[in-house]
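K.L.:
Next come a sequence and a model predicted from it.
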Amino acid sequence: MTQPKGIPDPEKVKRTVKRLRESNRQLELVTWALDELIAKVDPDLRHQRRARLQSSQQQQHLTGD
């Protein structure tokens, strides 16, 4: 059988919590940076898509499709 787990060492718990909080902060910073990048790129992508759709629509009118 497996041995029952005891109460973890309080210092180890503190270190683990500290590391987890730091990891969380780092992930939040990366998420923020990605959100900023998306916000910068999104208008350009929307403009490109609109131009492509308009060009496609004009081509269809010219060819009679």
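P.N.:
Yep, that arrived.

K.L.:
can you tell me how far residue 22 sits from residue 37?
P.N.:
Distance, residue 22 to residue 37, using Cβ to Cβ, to the nearest Å: 23 Å. Where C-beta positions appear, they are placed from N, C-alpha and C, glycine not excepted.

K.L.:
can you check residue 56 too?
P.N.:
The value you get for residue 56 to residue 37, if Cβ to Cβ is used, is 28 Å.

K.L.:
any idea how far residue 29 is from residue 50?
P.N.:
Separation of residue 29 from residue 50 (Cβ to Cβ) stands at 33 Å.

K.L.:
before we move on, what about residue 59?
P.N.:
From residue 59 to residue 50 the distance is 15 Å (Cβ to Cβ).

K.L.:
Remind me what the helix or strand encompassing residue 11 packs against, helices and strands.
P.N.:
Element membership of residue 11, judged by DSSP states H and E, is helix 10-63. For helix 10-63, there is no helix or strand it packs on, judged by 3 or more Cβ pairs under 8 Å, 6 or more residues apart in numbering; DSSP states H and E.

K.L.:
roughly how far is that helix from the heart of the chain?
P.N.:
Here helix 10-63 shows a centroid-to-chain-centroid distance of 5 Å under the convention Cα atoms, centre = their mean, to the nearest Å.

K.L.:
ok, residue 29 - how many residues close by?
P.N.:
Residues lying near residue 29 (other Cβ atoms under 10 Å) number 10.

K.L.:
Can you check the pLDDT for it?
P.N.:
Listed pLDDT for residue 29 reads 98.

K.L.:
just residue 3 next, same as before
P.N.:
At residue 3, pLDDT is 65.
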